[in-house]
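1. let's see this in three dimensions:
(2 chains)
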Amino acid sequence: GAVVSQHPSWVICKSGTSVKIECRSLDFQATTMFWYRQFPKQSLMLMATSNEGSKATYEQGVEKDKFLINHASLTLSTLTVTSAHPEDSSFYICSALRLAGGTQETQYFGPGTRLLVL
Amino acid sequence: SQQGEEDPQALSIQEGENATMNCSYKTSINNLQWYRQNSGRGLVHLILIRSNEREKHSGRLRVTLDTSKKSSSLLITASRAADTASYFCARPRGSQGNLIFGKGTKLSVKP
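-> This is a model prediction of the structure:
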């Protein structure tokens, strides 16, 4: 099956610092990746859609200058949380879209990155 | 905004029993997907059911879809303690394939 990895799996940082999270599709190419955020005991909320070679599309209410997304290759998307604050502490999950059978698409999710901002 | 509601929000059963989770949505869909999330982990894709399908099976999983009622159900038969997890339904939004997730059902299977 398709594998998506995230790095790091968890990170603790001081308020005001920036944190970069990587999302890689290991055995397939993904022109589209998604970034989600999940607060405790809640569902996943889509933050942005990352397209290889173009600017990311952000959901309403998500600050693009705070959450920088770079999709520089077909297997890697990065999310940088700039000037992190305690309220940014959350579980960040990426997914990669894999084309199968022409039209059917399945998202494969990474294991998530837990961010704690002190 | 998030659309899709699951019920129940939490479900506790004994090992061997069946677990049924329901999902409702508000707009028309091309397909509906079910995912499992173990505590603090990423999501595992369980099953995708297309809008022209009414029922789909995968192992101990059975998913139904009623487009007239805009609802779907996930049935896990002969549950095991390892099935303990949160289960989410999700529907695609737009042409880019991003998903809108329901609030999820937290399933606890007691040995």
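2. only C-alpha atoms from now on, for both contacts and neighbour counts.
-> Will do.
3. which residues touch the nearest residue to residue B:56 once chain neighbours are set aside?
-> The shortest distance from residue B:56 to any non-neighbouring residue, by Cα to Cα, 6 or more residues apart in numbering or on different chains, is to residue B:63 (5.2 Å). Neighbouring residues of residue B:63 by Cα atoms under 8 Å, 6 or more residues apart in numbering or on different chains: B:47, B:49, B:55, B:56, B:57, B:72, B:73, B:74, B:75.
4. drop anything exposed from the residues you listed.
-> Buried subset of those (neighbour count, 16 or more other Cα atoms under 10 Å in any protein chain shown): B:47, B:49, B:72, B:73, B:74, B:75.
5. how close does the fourth one get to residue B:36?
-> Look at residue B:73 and residue B:36: by Cα to Cα, to the nearest Å, they are 14 Å apart.
6. right, and residue B:92 touches residue B:99 too?
-> Yes. Here residue B:92 reaches residue B:99: they are 4.4 Å apart, a contact under Cα atoms under 8 Å.
7. picking that back up, just the element for the residue nearest to residue B:56, please.
-> Residue B:63 is part of strand B:61-66, with elements assigned from DSSP states H and E.
8. what residues of that strand count as buried?
-> Buried residues in strand B:61-66, defined by neighbour count with 16+ other Cα under 10 Å: B:61, B:62, B:63, B:64, B:65.
9. tell me which of the residues you listed is nearest to chain A?
-> The nearest member of the buried residues of strand B:61-66 to chain A, counting by Cα to the nearest Cα, is residue B:63 at 16.9 Å.
10. what's across from that closest one in the sheet?
-> In this entry, residue B:63 is beta-bridged to residue B:56, residue B:74, by DSSP bridges.
11. any idea how far residue B:23 is from it?
-> For residue B:63, the distance to residue B:23 (Cα to Cα) stands at 11 Å.
12. residue B:53 too?
-> Residue B:53 is 16 Å from residue B:23, by Cα to Cα.
13. more neighbours: which of these two?
-> residue B:23 (24 against 14; other Cα atoms under 10 Å in any protein chain shown).
14. and the strands in the chain, which stretches?
-> Unless you meant another one, I'm taking chain A. Ranges of strands within chain A are A:4-7, A:10-13, A:19-25, A:32-38, A:44-51, A:57-58, A:67-73, A:76-81, A:90-100, A:104-109, A:113-117, based on DSSP state E.
15. that was the other one, I meant chain B.
-> For chain B, applying DSSP E gives strands covering B:5-7, B:10-14, B:19-24, B:31-37, B:43-50, B:55-58, B:61-66, B:71-76, B:85-93, B:98-101, B:105-110.
16. having no further points to raise, I will conclude here.
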